[in-house]
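S.K.: Have a look at this prediction, sequence included:
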Amino acid sequence: MSRVKRKKIVFLTKKELAEAMADYTATLSTKFCKERDYFTVVLSGGDLISWLSDLLEPKYLESIEWSKWHIFWVDERVVPWDDKDSNYKLAIDGFLSKVPIPIANIYAIDQDCAALGDAKGAAFLYEKCIKRLVNQNIIRTYKSSGFPQFDLQLLGMGPDGHMASLFPGHYQIKEKANLVTYIINSPKLPPKRITFTLPVINCASYNLMAVCDEAQADAVAKVFEDNYDLPAARLTADTEAIWYLDQAAASKLPIGH
Ligand SMILES: O=C(O)[C@H](O)[C@@H](O)[C@H](O)[C@H](O)COP(=O)(O)O
């Protein structure tokens, strides 16, 4: 399994963090569109989507090869697509409806499972969708493992140290065989969710974890002490695992860290 050491950059403001995230994403878009004609991007929920709005600036809007983007979710709440808690809805409303990514390249969870609250079915069908795209070579595979390798994942962390829907003390963090798993008693509401498993998350070429605000500062400090009880401390990547923090989120890191 990939084991790159996590890096970090601390930004003075959220605005600077968002600008840097847009620049990072645009640079990787250029790289992967040139190398393989596709750019596979994995989103999470939470505040992340609002920070992506810098990509709507004309300099990016006009230069990015949006038609080559393929969009996935590292985790999704199993609620109807139009529910206020849906990560799909959040991303569509805040970002995806404003850029020319073909709708066929946006891979939401199965609509019926979402409407019925069928987390197990949603996880099964999302895994099937990922495997189909691996067979079509839209998603690469990680070395010889056959695991999907996404180009860029944009992640967030909760104050308890969860990432995606992998929560401390819940067994999903140990899942190694499946690509996608599910939880029906998530400590963060809503309770039913699907999530990529840790091996899939860590196979990605680039993982950018963006964390702002003081509520996450204790968890950030524990992650950088390598406290692996926190799922987010286990984040690596094939090429780069980078943490973008604002000053408040970084405020409990030891001086000089
Ligand atoms: O759907 C979700 O709940 C998530 O994808 C989750 O993993 C999120 O990324 C973190 O909880 C950070 O959320 P905030 O950005 O809101 O702190």
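M.R.: Yep, that arrived.
S.K.: Mind jotting down where the helices sit in this protein?
M.R.: Secondary structure of the chain by DSSP state H: the helices cover 14-36, 48-51, 58-61, 87-94, 111-116, 119-135, 198-203, 217-224.
S.K.: what's the third one packed up against?
M.R.: Taking 3 or more CB pairs under 8 Å, 6 or more residues apart in numbering; DSSP states H and E as the contact definition, helix 58-61 has no neighbouring helices or strands. Just so you know, the C-beta spots here come from the backbone N, C-alpha and C atoms, and that holds for glycine as well.
S.K.: For it, which outside residues touch it?
M.R.: With contacts defined as CB atoms under 8 Å, 6 or more residues apart in numbering, helix 58-61 is touched by A22, A26, D54, L55, V99.
S.K.: Please list only the buried members of those.
M.R.: Among these, those classed as buried by 16 or more other CB atoms under 10 Å are A22, A26, D54, L55.
S.K.: per-residue confidence at the second one?
M.R.: The confidence metric pLDDT takes the value 98 at A26.
S.K.: What count of nearby residues applies to the residue nearest to it when sequence neighbours are not counted?
M.R.: Of all residues not flanking A26 in the chain, Y60 sits nearest, at 5.3 Å (CB to CB, 6 or more residues apart in numbering). By other CB atoms under 10 Å, 17 other residues sit near Y60.
S.K.: how close does Y60 get to the ligand?
M.R.: As for Y60, its distance to the ligand is 22 Å (criterion: CB to the nearest ligand atom, to the nearest Å).
S.K.: Then L48?
M.R.: Look at L48 and the ligand: by CB to the nearest ligand atom, they are 6 Å apart.
S.K.: So that residue sits against A210, correct?
M.R.: Yes - in this structure, L48 is within contact of A210 by CB atoms under 8 Å, at 5.9 Å.
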